[in-house]
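> How does the following fold in three dimensions:
(chains A, B, C and D)
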Protein chains: 2
Amino acid sequence: MELRQLRYFLAVADELHFGRAAQRLHMSQPPLSVQVGRLEREVGLPLFERSTRRVTLTPAGRHLQERARRILDEVDAVRAEMRDYVDGLAGQLTAGFVSSANYTVLPEVVQLFRSRRDRVNLTLVPLTSGEQFERLRDGTIDVGIVRDEIPDAARSSTPLVTDVVFEERLVACIPNAHPLASRADLSPADITGVPMIAYPRSLMPGYVDRVHDVLGLSVGSLNVVEEVVHQETALGFVAAGVGASILPESVRQLAPASISVVPFSGSPTTRLMVARRRDDVDDAISAAFVECLHDAARGLTARQSMS
Amino acid sequence: MELRQLRYFLAVADELHFGRAAQRLHMSQPPLSVQVGRLEREVGLPLFERSTRRVTLTPAGRHLQERARRILDEVDAVRAEMRDYVDGLAGQLTAGFVSSANYTVLPEVVQLFRSRRDRVNLTLVPLTSGEQFERLRDGTIDVGIVRDEIPDAARSSTPLVTDVVFEERLVACIPNAHPLASRADLSPADITGVPMIAYPRSLMPGYVDRVHDVLGLSVGSLNVVEEVVHQETALGFVAAGVGASILPESVRQLAPASISVVPFSGSPTTRLMVARRRDDVDDAISAAFVECLHDAARGLTARQSMS
DNA sequence: CGCGGTAATACGACACCCGTATCGTGCGGA
DNA sequence: TCCGCACGATACGGGTGTCGTATTACCGCG
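Below you'll find the predicted structure:
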């Protein structure tokens, strides 16, 4: 029993006329008769009562008509669902993200994407930028939300492409007790002697390089006393008076009253970026996700410029 | 998209191994790979991620796995249902019956058959014996419950076969006012002069012949003053004093107090019979129906002999 | 670095399916 | 009553699909 035979049978059952059914199927009548006959031999009983003047369904034929219609409808539905996978309306997307994105675009991005592509299963994996480059390469994630540019070394080894999503100012988080805490703004020279809480370059290469770059600092010029991997941890050390830390401005939401958040003169920035494999940029699902990122960032940037 | 391809795909999806799947499908691996590839080209995207060491389902593949399993299960179910039609567990049966059967076997037969073959649609058509012979011939009914033997003329024109189902005594229904009403039993000679309500021979040939036969009457020897087609009508005329009528004993259930029901000496009988086309005797459904008839009659005969 | 295992490809044989031509049959009109 | 017509079934040839065997390509492992 093949679908073709069911389609043929159903056409005849609906038309109750082999000639017209054949016409509807864009074929000639003889092979249609043959296929229906073959189906009847397979199920072991006649599905039609035929005379040269009239074709009628047998009870078994009537039953099969209902079931065949149901099955063929289901097959059509599957075909449509498969087309949705082709068009990116359904599927799977695994996205990495730096935890700091939690405080800017991420919540709205997730909401936007879930509403626009409700049949895509979105899996979010919190990872550092460096880990995301690695997992983009081995295919464990499809898209990465990273902070700042990919270092040349990582970029050359695999063809990854990046887009700037959201730009925000860098700020210094300083214990209130420290003399610099009361300053309106800081210059890079102000912090060179200050004990610093920083990220390991191996895990956050883009961000670490960016900070040095925009502040005009040479490698090693900062007095790093502690290395951490999360903003929350960094803020904890700052609050404890261990040192200061250079973080994205959105960290204000997390900073307790015991910490002063001081901007830099010249408003140096850090950039949230989205990274994908080059051969993935025209994938419909990841493209939709990137679009959500930009849409969410657009709203955030507008609010940012108003304040 | 054909069922064969879905079957092949599903085997691979279950095994995650082309070789083992091919083995399970009793075929070799290369054509299996080809068919799966063909299916993938049709839906427009890969269903498996393959390396030489590992086969994995893509998201679309996982989805299709569920749907394909469902569809194939449904096809299997249809096959089983079709087999039920072959085996006579499902289908259609149109049975004719003489209205007098209503007062003996019919109610129990219907109940029995409906419980034994709940998936057979039983249609009951009240018809005289003569009409049933006609409609057995043209296929409008599949089985007939008739009274007494088919006359030779009807029998020869089409190959019908009959079985005795239930035998009961003939009785005379007489208005209470008539002198014969008080008799314990009657002989045929007693009624030759009495005005009679009878059936037309054209509609009930078997019964009319039977009555004449078992009572030893020659054609025309009865004084027929009225012809009717239903017991109920005959009883009405009897109650009105128009005349007497010779009916099956089960008519007692219907007879009002104004009518006397008197048996004949020698206990002549009428027989309820089941008739089928000869080429239908090994049809599973009608055979089951006949079996129900006999089973119902068996119980009835037992109760009859006890009284 | 070769070896085993696995999926993909190549190719020839066979079966299936389709279209054209034709037949058999039953109904309806002349 | 007979002929014509409509319709489904059958016959047959050509093309396509599907299968099995043989072979290739690739990957992981010892």
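
> which stretches of the stretch 201-307 of chain A form helices?
Using DSSP state H, counting those that start in this stretch, the helices of the stretch 201-307 of chain A run over A:205-215, A:231-239, A:284-306.

> same deal with the stretch 1-150 of chain A?
A:3-15, A:18-24, A:29-43, A:59-86, A:106-116, A:129-138.

> okay if I get the ones you listed as TSV plus distance to residue B:147?
In this view, the C-beta of every residue, glycine as well, is placed from N, C-alpha and C. As requested, the helices of the stretch 1-150 of chain A are exported to TSV (distance: least, Cβ to Cβ, whole Å):
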stretch	distance to residue B:147
helix A:3-15	40
helix A:18-24	43
helix A:29-43	38
helix A:59-86	29
helix A:106-116	75
helix A:129-138	87
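
> nearest to DNA strand C, of those?
Closest to DNA strand C of the helices of the stretch 1-150 of chain A is helix A:29-43 (Cβ to the nearest atom of the strand; 3.4 Å).

> how about CSV for the helices of the stretch 201-307 of chain A, with mean neighbour count, mean pLDDT and distance to residue B:40 added?
Below are those laid out as CSV (neighbours: other Cβ atoms under 10 Å in any protein chain shown; pLDDT from 0 to 100; distance: least, Cβ to Cβ, whole Å):
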stretch, mean neighbour count, mean pLDDT, distance to residue B:40
helix A:205-215, 21, 92, 38
helix A:231-239, 20, 95, 45
helix A:284-306, 16, 90, 18
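
> With distance to DNA strand C as extra columns, can I get these in TSV?
Output for the helices of the stretch 201-307 of chain A, formatted as TSV (distance: least, Cβ to the nearest atom of the strand, whole Å):
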stretch	distance to DNA strand C
helix A:205-215	32
helix A:231-239	43
helix A:284-306	23
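
> Out of the helices of the stretch 1-150 of chain A, the one nearest residue A:211 is which?
Smallest distance to residue A:211 across these (Cβ to Cβ): 12.8 Å, for helix A:129-138.

> any residue of the closest one up close to DNA strand D?
No: applying Cβ under 7 Å from any atom of the strand, one finds helix A:129-138 separated from DNA strand D by no less than 11.0 Å.

> and the angle for that helix with helix A:205-215?
Put simply, helix A:129-138 runs at 130 degrees to helix A:205-215, going by axes from the mean of the first three to the mean of the last three Cα atoms, to 10 degrees.

> before we move on, the earlier item: Throw the helices of the stretch 201-307 of chain A into JSON lines and include distance to chain B, thanks.
As requested, these are exported to JSON lines (distance: least, Cβ to the nearest Cβ, whole Å):
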{"stretch": "helix A:205-215", "distance to chain B": "30"}
{"stretch": "helix A:231-239", "distance to chain B": "33"}
{"stretch": "helix A:284-306", "distance to chain B": "10"}
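
> out of the ones you listed, which comes closest to residue A:70?
Nearest of these (Cβ to Cβ): helix A:284-306, 31.0 Å.

> residues in contact with the closest one?
For helix A:284-306, contacts defined as Cβ atoms under 8 Å, 6 or more residues apart in numbering or on different chains pick out A:87-89, A:91-93, A:95, A:104-105, A:108-109, A:112-113, A:116-117, A:120, A:122, A:142-143, A:145, A:163, A:165-168, A:272, A:274, A:276, A:280-281.

> For ChimeraX, what selects the buried ones among these?
In ChimeraX syntax, the buried subset of those is picked out as below (16 or more other Cβ atoms under 10 Å in any protein chain shown):
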select /A:88,89,91,92,93,95,104,105,108,109,112,113,117,120,122,142,143,145,165,166,168,272,274,276,280
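
> In strands, which of the contacts of helix A:284-306 appear?
Members of the contacts of helix A:284-306 lying in strands (criterion: DSSP state E): A:91-93, A:95, A:120, A:122, A:143, A:145, A:163, A:165-168, A:272, A:274, A:276.

> Out of those, which two sit at the greatest distance?
A:91 and A:168 (31.4 Å).

> re the thing from before, which one of the helices of the stretch 201-307 of chain A lies nearest to residue A:76?
Closest to residue A:76 of those is helix A:284-306 (Cβ to Cβ; 22.0 Å).

> just the angle between that closest one and helix B:59-86, please?
Computed by the same axes, to 10 degrees, the angle separating helix A:284-306 from helix B:59-86 equals 130 degrees.

> Helix A:284-306: how far from the chain's middle?
Here the centre of helix A:284-306 is set off from its chain's centre by 13 Å, with Cα atoms, centre = their mean, to the nearest Å.

> gap between the residue nearest to residue A:237 when sequence neighbours are not counted and DNA strand D?
Once flanking residues are discounted, residue A:237 sits nearest to residue A:197: 4.6 Å by Cβ to Cβ, 6 or more residues apart in numbering or on different chains. From residue A:197 across to DNA strand D, the span is 41 Å (Cβ to the nearest atom of the strand, to the nearest Å).

> Doesn't residue A:197 belong to a helix?
No: remark: residue A:197 does not belong to a helix; assigned using DSSP: H, G, I helix; E, B strand; the rest coil, it is strand.

> Pull the number of nearby residues for it.
Using other Cβ atoms under 10 Å in any protein chain shown, residue A:197 is surrounded by 23 other residues.

> Also residue A:56?
Neighbourhood size, residue A:56 [other Cβ under 10 Å]: 11.

> next one: the one 4 residues further on
Around residue A:60 sit 23 other residues, with neighbours defined as other Cβ under 10 Å.

> so how far is chain B from residue A:63?
Here residue A:63 is placed at a distance of 6 Å from chain B (Cβ to the nearest Cβ, to the nearest Å).

> from memory that residue sits against residue B:81, does it?
Yes: using Cβ atoms under 8 Å as the test, residue A:63 is close enough to residue B:81 to be in contact (6.5 Å).

> Mutual contacts of these two, please.
What both residue A:63 and residue B:81 touch, as defined by Cβ under 8 Å, 6+ apart, is the set residue B:90.

> Which one of these two is surrounded by more residues?
A count of neighbours by other Cβ under 10 Å puts residue A:63 above the other of residue A:63 and residue B:81, at 21 against 17.

> Please determine how far that one is located from residue A:280.
To residue A:280, residue A:63 is 49 Å away according to Cβ to Cβ, to the nearest Å.

> and chain B, which of the ones in strands among the contacts of helix A:284-306 reach it?
Counting by Cβ under 8 Å from any Cβ of the partner chain, A:91, A:92 from the ones in strands among the contacts of helix A:284-306 sit close to chain B.

> Quick check: residues of chain A near DNA strand C?
By Cβ under 7 Å from any atom of the strand, the residues of chain A that approach DNA strand C are A:2, A:4, A:26-31, A:34-35, A:38, A:51-53.

> Show the pLDDT at residue A:8.
pLDDT for residue A:8: 96.

> Nothing else from me, thank you.
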